[in-house]
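> Below are the sequence and a predicted model for it; my questions follow.
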Amino acid sequence: MSKSHPGGMRRNLANYGDAGFSVFLRKAFIKALGYTDDALDRPIIGIVDTASGYNACHRNVPDLIEAASRGVMLSGGIPVPFPVISIQESFSNPTSMYLRNLMAMDAEEMIRAQPMDAVILLGGCDKTVPALLMGAASANVPAIMLVTGPMLAGSWRGEKLGACTDCRRFWARYRAGEVSDDEINEVNGELAPTIGTCGVMGTASTMALTVEAMGMMLPGGAAVPAVHAERRRLAERTGARAVAMAAEGLTPDKIMTPAAFRNALRVLLAVGGSTNALIHLTAMAGRLGIGIDLEGFDELGRETPVLVDLKPTGQHYMEDLYKAGGLTPILRELGALLERDCLTVTGKTLGENIDAAPAGWPQDVVRTMAAPVYRNGAMAVLRGNLAPDGAIIKQAAATQSLLQHEGRAVVFDSLPDMAARLDSPDLDVKPDDILVLRNAGPKGAPGMPEAGYIPIPKKLAQAGVKDMVRISDARMSGTAYGTIVLHIAPESAAGGPLALVRTGDRIRLDTAGRRIDLLVDDAALAKRRAALPPLPTGEGRRGYERLYFDTVTQAERGCDFDFAVPAITTKVP
Ligand code: FES
């Protein structure tokens with residue numbers, strides 16, 4: 001890069017009204033870091049550092065920065081790591097989703113404000129991947145994703161375990177009295193036996209695979225375990241590729257196209273992925289003026305079976321998918337359902353990447369289109385008088401006999417109400433009732449926590465009940481399972497009809513007909529609406545909570561901040 005080139009350290013100068021002085025001052029501080037003048041003439045590759053003492057999912061970030069930096073330098077660039085906030089699921093109050101948009105803003109502004117010709121987005125835990133890509137899409141600097149990788153599976157008394165599907169499975173058994181205090185403590189020590197992201201098809205794995213399918217990650221980058229040497233080699237290759245992308249000007253808007261999002265949605269369905277990914281992909285697409293049409297997504301589901309036999313819909317773990325070839329066999333099996341001419345971070349198309357990958361081998365993790373894990377589509381989109389703007393059910397992870405069900409509503413008005421009454425021996429609840437949780441959406445909780453996986457009331461769990469129909473305006477962890485209707489929009493705290501349900505009402509779930517309805521007549525509902533208390537407002541809130549409450553959108557728009565999203569000009573699928 002010549003000295004007259006505005007890139008490298010000459011990019012994004014601090015504004016003193018004198019560009020020459022700005023460069024002069026920057027050089028002084030670069031020298032304080034131990035760099036030579038030569039640094040000013042190199043492409044600068046920013047590396048987002050999301051390590052934190054609270055984030056075991058990102059424990060290998062320092063290693064990966066070292067390996068990626070090596071790749072950058074071998075290719076003639078200068079790597080410059082810089083921090084943004086780090087979010088880990090179980091260390092985020094009230095919930096990690098509340099902080100996703102904060103991380104997206106942090107990433108966008110730091111990528112935009114600092115000098116870098118390309119950026120390596122280093123994330124992994126659930127919200128970090130979408131947050132970094134939302135920010136990078138808005139900053140539109142050449143960007144490449146590198147994930148920390150999934151953890152290995154654990155083992156307890158001969159049984160294979162993985163966070164967090166087995167966390168929930170064993171906790172449910174503990175609540176039912178099937179597992180003792182000592183045993184649950186033993187299990188606790190085996191659920192997350194290595195660093196890395198959850199080792200099942202939770203949100204982290206789903207986001208990694210969909211982002212690879214979208215073309216924002218090197219081929220093979222999603223499934224390599226966090227502790228595997230190949231993960232570090234992948235980081236080195238990512239660093240090298242980032243330098244080339246800087247020269248090519250390969251910005252996110254050239255890769256994250258409507259067709260790329262269609263491919264990502266296909267893969268989300270084919271892997272039996274997390275329902276959260278639909279919200280995150282919607283938010284990422286929104287940053288580029290692309291809307292996700294829920295009915296179109298439902299149509300994709302009708303022609304895209306679940307191919308991957310991983311927990312929670314199947315049997316295996318991410319380490320097994322890696323050994324089976326990672327994303328490539330899934331893409332090959334999807335074949336003509338994919339749009340192969342999408343450009344990717346390799347500078348080649350998705351189709352060229354698939355053709356260049358090694359030939360497959362016999363394995364039992366990725367099934368064929370002719371003999372899938374689940375034929376009917378991983379998720380279904382519901383509408384009805386309870387969800388005028390949509391709701392979602394992961395039908396592949398549900399009890400099939402409950403997908404068509406009518407039952408009596410048992411309503412919890414909020415998370416604290418649920419916590420106070422769910423396990424009471426006096427709770428009037430039967431196995432064929434429908435549990436309803438409200439005020440758990442984007443504004444209501446706030447942050448739309450993963451509370452949609454309402455625990456089976458203790459007295460029913462102890463009687464052997466494993467699943468019930470549960471509905472809410474909350475989300476659910478990608479590692480969870482059950483007959484659970486989520487993301488009801490509008491949420492109750494935004495005036496949605498979920499606020500009108502009363503214990504004793506009848507609710508009908510008709511998954512085949514794509515409906516969720518409250519069987520109460522319109523006149524009675526109008527009366528109930530007139531008697532509702534005023535909706536909550538931003539009044540009395542301050543700081544980030546105020547910003548969040550005033551501007552967060554509903555699930556069908558990705559729960560992004562309304563001011564962060566440009567006008568939607570294209571709809572996918
Ligand atoms: Fe980080 Fe599951 S808690 S990926």
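Sure thing, it's come through.

> Any idea what residue 80 is bridged to?
For residue 80, the beta-bridge partners are residue 46 (DSSP bridges).

> Next, find the distance separating it from residue 225.
28 Å (CB to CB, to the nearest Å). To be clear about C-beta, it is placed using only N, CA and C from the backbone, and glycine gets the same treatment.

> Neighbour count for those two, which is higher?
Neighbours of residue 80 and residue 225, each counted by other CB atoms under 10 Å, are more numerous for residue 225; the result is 24 against 20.

> Isn't that one up against residue 153?
No - Residue 225 is beyond contact range of residue 153, at 9.8 Å (criterion: CB atoms under 8 Å).

> what is in contact with those two at once?
Common neighbours of residue 225 and residue 153 (criterion: CB atoms under 8 Å, 6 or more residues apart in numbering): residue 319.

> quick one: contacts for the residue of the stretch 351-500 of the chain found nearest the ligand?
Taking CB to the nearest ligand atom, the ligand has its nearest neighbour within the stretch 351-500 of the chain at residue 479, 7.3 Å off. Going by CB under 8 Å, 6+ apart, residue 479 touches 163-165, 167-168, 198, 200-203, 274, 311-312.

> Equivalent analysis for residue 477, please.
89, 164, 168, 202, 203, 274, 276, 450, 453.

> what about residue 566, how many neighbours?
Around residue 566 there are 12 residues (other CB under 10 Å).

> I should have written residue 184 there, sorry.
For residue 184, the neighbour count with other CB under 10 Å is 14.

> What sits closest to it if chain neighbours are left out?
residue 174 (4.6 Å; CB to CB, 6 or more residues apart in numbering).

> so that neighbour makes contact with residue 182?
No - contact criterion CB under 8 Å: residue 174 and residue 182 do not qualify, at 11.0 Å.

> Which one's more surrounded, those two?
Comparing residue 174 with residue 182 by other CB under 10 Å, the one with more neighbours is residue 174, at 16 against 8.

> does the more buried one count as helix, strand or coil?
Put simply, residue 174 is helix when judged by DSSP: H, G, I helix; E, B strand; the rest coil.

> cool, and the one 3 residues further on?
In terms of secondary structure, residue 177 is coil; the call rests on three-state DSSP.

> Report the contact partners of it.
Counting by CB under 8 Å, 6+ apart, residue 177 makes contact with residue 462.

> Please report how far it lies from the ligand.
Separation of residue 177 from the ligand (CB to the nearest ligand atom, to the nearest Å): 27 Å.

> Residue 160 now?
17 Å.

> Tell me the bridge partners for that residue.
Beta-bridge partners, per DSSP bridges, of residue 160: residue 155.

> check contacts around it.
Counting by CB under 8 Å, 6+ apart, residue 160 makes contact with 153, 154, 317.

> how about 10 Å then?
153, 154, 166, 190, 199, 311, 315, 316, 317, 319, 320 (CB atoms under 10 Å, 6 or more residues apart in numbering).

> can you give me the offset of stretch 164-171 from its chain's centre?
Chain-centre distance of stretch 164-171: 19 Å, with CA atoms, centre = their mean, to the nearest Å.

> Report the mean confidence score over it.
In this model, stretch 164-171 has a mean pLDDT of 89.

> Just the C-alpha atoms of that stretch, please, in CSV.
Extracted C-alpha coordinates of stretch 164-171, given in CSV (Å, rounded to 0.1, in the frame of the first residue of the first chain):
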residue,chain,number,x,y,z
CYS,A,164,-27.1,-27.7,27.3
THR,A,165,-29.7,-30.2,26.1
ASP,A,166,-28.5,-32.7,28.8
CYS,A,167,-28.4,-29.8,31.4
ARG,A,168,-32.2,-29.5,30.9
ARG,A,169,-32.8,-33.2,30.6
PHE,A,170,-31.1,-33.9,33.9
TRP,A,171,-32.6,-30.9,35.6
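
> can you list contacts of it?
Stretch 164-171 is contacted by residues 89-90, 153-154, 156, 159-161, 178-179, 183-184, 186-188, 190-192, 198-202, 310-313, 317, 397, 450, 453, 455, 477-482 when judged by CB under 10 Å, 6+ apart.

> circling back to that earlier point, quick one: the residue of the stretch 351-500 of the chain closest to the ligand from residue 403, how far?
Taken as CB to CB, the span from residue 479 to residue 403 is 21 Å.

> repeat for residue 122
Between residue 122 and residue 403 the distance is 40 Å, computed by CB to CB.

> now do residue 448
Residue 448 is 24 Å from residue 403, by CB to CB.

> so residue 206 is in which element?
Residue 206 belongs to helix 203-214 when assigned by DSSP states H and E.

> interface residues of the stretch 1-150 of the chain facing the ligand?
Proximity of the stretch 1-150 of the chain to the ligand, by CB under 6 Å from any ligand atom, involves residues 57, 88, 89, 125, 126.

> Show the contacting residues for the third one.
What it means is residue 89. Per CB under 10 Å, 6+ apart, neighbours of residue 89: 55, 57, 95-97, 125-127, 163-164, 197-198, 202-204, 450, 477, 479.

> ok, how many other residues are close to residue 429?
21.

> Mind jotting down where the strands sit in the stretch 451-573 of the chain?
469-472, 484-486, 506-510, 515-518, 570-572 (DSSP state E, counting those that start in this stretch).

> One more: the stretch 201-350 of the chain?
Under DSSP E, counting those that start in this stretch, the stretch 201-350 of the chain gives strands at 290-292.
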